[in-house]
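Chemist: Quick one, structure for this:
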Amino acid sequence: MPEMPDFDEIMKMAQNAQAELQKAQDNLDRIEVEGAAGGGMVKVRATAKGRILGVDIDESLLAPSEKTMLEDLVAAAINDARAKADVAAAGEMQKMQSTLPLPPGFKLPF
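Modeler: Here you go, the predicted model:
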């Protein structure tokens, strides 16, 4: 059976994990995803952290008669971007977690 690390080692491991987690969180704001709806007529760019960077709307949807459809497409594009951001964030967190010397079965709270 391997020897248990002492308290100082455990604290250093926890501080390292916290620093790595912060670095991974900071990286999430640099990863961009694009959500789309209506066959690409509405696009939303966002970071993996969920910050909306921009919205692109096809001009054909700007007619007053298209207002309800445009609102639905914007919501759908935002939700698509959010889902892609969640996937990108989970991938980054998995990469970060795999580099930490954590005990088997230990999961960080994501």
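Chemist: Excluding chain neighbours, give the residue nearest to I52 in space.
Modeler: Spatial nearest neighbour of I52, excluding adjacent residues (Cβ to Cβ, 6 or more residues apart in numbering): A46 at 5.1 Å. The way it works is simple: take the backbone N, C-alpha and C, and place the C-beta from them, glycine included.
Chemist: and the one you found, that one's in a helix?
Modeler: No: checked against DSSP: H, G, I helix; E, B strand; the rest coil, A46 lies outside a helix; its state is strand.
Chemist: can you pull up the bridge partners for it?
Modeler: In this entry, A46 is beta-bridged to V33, I52, by DSSP bridges.
Chemist: Neighbours of it, how many?
Modeler: 24 (other Cβ atoms under 10 Å).
Chemist: show me the biggest helix of this protein in terms of residues.
Modeler: Determined from DSSP state H, the single longest helix within the chain is helix 67-98.
Chemist: so what's the residue lying closest to L62 once chain neighbours are set aside up against?
Modeler: Excluding its sequence neighbours, the residue lying closest to L62 (Cβ to Cβ, 6+ apart) is L70, at 7.5 Å. Contact partners of L70, counting by Cβ atoms under 8 Å, 6 or more residues apart in numbering, are 42, 57, 61-62.
Chemist: I only care about those that end up buried; give me the PyMOL line for that.
Modeler: The PyMOL selection below is limited to those of those classed as buried (16 or more other Cβ atoms under 10 Å):
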select buried, resi 42+57+61
